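In: Structure for the following, please:
(one chain, ligands or ions: 2)
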Amino acid sequence: MQPGYSAGGVHADPVAWADVARWRKAERARLIEARLAIPAEIRAAMAIKIAEGLDAEIGDVGGKTVSLYWPFRGEPDLRPWMASIIERGGRAALPVVVEKAHPLVFRAYRPGDRLEKGVWNIPIPAEGESVIPDVVISPLVGVDPANFRLGYGGGFFDRTLAALPKKPLVIGVGYNMQRIATIYPQPHDIPMDRIVTASAPV
Ligand SMILES: Nc1nc2c(c(=O)[nH]1)N(C=O)[C@@H](CNc1ccc(C(=O)N[C@@H](CCC(=O)O)C(=O)O)cc1)CN2
Ligand SMILES: Nc1ncnc2c1ncn2[C@@H]1O[C@H](COP(=O)(O)OP(=O)(O)OP(=O)(O)O)[C@@H](O)[C@H]1O
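Out: Ligands and ions are numbered 1, 2, ... in the order given. Model prediction:
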């Protein structure tokens, strides 16, 4: 259990949380809309820069298990980089929503593996062992200067990081326009270790 929670998962200050939750919902919608308004070819160019930034942060991926994500709603498409991890002797994994309000599990994935539709129609590996990642790449909806992440509102990454036996290296990825002044961090929010963003070419 995270600080700020009672055994029932109730917020330390429910009145303040109600305001923050309302603000987050509007801010998510604004940021996702702004991201989708970026032309696809600009997003693709930024994804290449983000992949370079990830290599600079992680170094040798050989022997490491790196969890990524199947992109949706304009998230950077890092699938080519995911394939390159395997070519370099690492292992890739994708997050799977087992149940709402529960931690994610990570399932090993290699390009060509069979996918099926998971919750919210996000593709997930149809089979494959569950793995504990060394590095978690977390797609941002928003991020603040203290590395707190605004996500889609499911609380999945925070729950997952709180539940993992050993904390992985967590790297948030996105575009520069997703950097915001604050996400009004709450007791359950867990900051990321590093952030890699790219800006649109001029
Ligand atoms: N590409 C990708 N895959 C991912 C994640 C991600 O951020 N990106 N996730 C990272 O966690 C998990 C999925 N998380 C999600 C959480 C909420 C919603 C969503 O659509 N929620 C509802 C409202 C939620 C609420 O307020 O209760 C909605 O927006 O309509 C979608 C995905 C696992 N897979
Ligand atoms: N460790 C936790 N234990 C219990 N509840 C949690 C925990 N972490 C997050 N939550 C709950 O999850 C809900 C969503 O949290 P939040 O707004 O931070 O989501 P998010 O980080 O944007 O979403 P996501 O990680 O799915 O992209 C909140 O109601 C919060 O109380």
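
In: Which residues are in contact with residue 104?
Out: Applying Cβ atoms under 8 Å, 6 or more residues apart in numbering to residue 104 gives the contacts 95, 96, 97, 98, 156, 157, 159, 160. C-beta coordinates here come from the backbone N, C-alpha and C atoms, glycine included.

In: For this protein, what lies in contact range of ligand 2?
Out: Residues of the chain lying near ligand 2 by Cβ under 6 Å from any ligand atom: 2, 5, 9, 24, 149-159, 162, 188-189.

In: what's the span of stretch 143-157 from first residue to last?
Out: With Cα to Cα, to the nearest Å as the measure, the first residue of stretch 143-157 is 14 Å from its last.

In: Report the rounded mean pLDDT for it.
Out: Averaged across stretch 143-157, pLDDT comes to 97.

In: what's the answer for stretch 187-197, then?
Out: In this model, stretch 187-197 carries a mean pLDDT of 97.

In: mind listing which of the contacts of residue 104 are in strands?
Out: Among the contacts of residue 104, the ones falling in strands (DSSP state E) are 95, 96.

In: Now do the helix or strand hosting residue 19, average pLDDT.
Out: Counting by DSSP states H and E, the element that carries residue 19 is helix 14-36. This predicted structure assigns helix 14-36 an average pLDDT of 96.

In: Tell me the helices and strands packed up against it.
Out: Using 3 or more Cβ pairs under 8 Å, 6 or more residues apart in numbering; DSSP states H and E as the contact criterion, the elements in contact with helix 14-36 are strand 142-143, strand 149-150.

In: Kindly recompute the last result at 7 Å.
Out: Judged by 3 or more Cβ pairs under 7 Å, 6 or more residues apart in numbering; DSSP states H and E, helix 14-36 is in contact with strand 149-150.

In: Now residue 116. Its backbone dihedrals?
Out: When read as degrees, to the nearest 10, the backbone of residue 116 gives phi -130, psi 170.

In: Quick check: residue 52 vs residue 78, distance?
Out: Relative to residue 78, residue 52 is positioned 11 Å away (criterion: Cβ to Cβ, to the nearest Å).

In: Give me the more crowded residue out of the two.
Out: Higher neighbour count among residue 52 and residue 78: residue 78, with 24 against 12, using other Cβ atoms under 10 Å.

In: thinking again about what came up before, show me just the buried residues among the residues of the chain next to ligand 2.
Out: By neighbour count, with 16 or more other Cβ atoms under 10 Å, those hold 24, 149, 150, 151, 155, 156, 157, 158, 159, 188, 189 as buried.

In: List the beta-bridge partners for the third one.
Out: Listed beta-bridge partners, residue 150: residue 142 (assigned using DSSP bridges).
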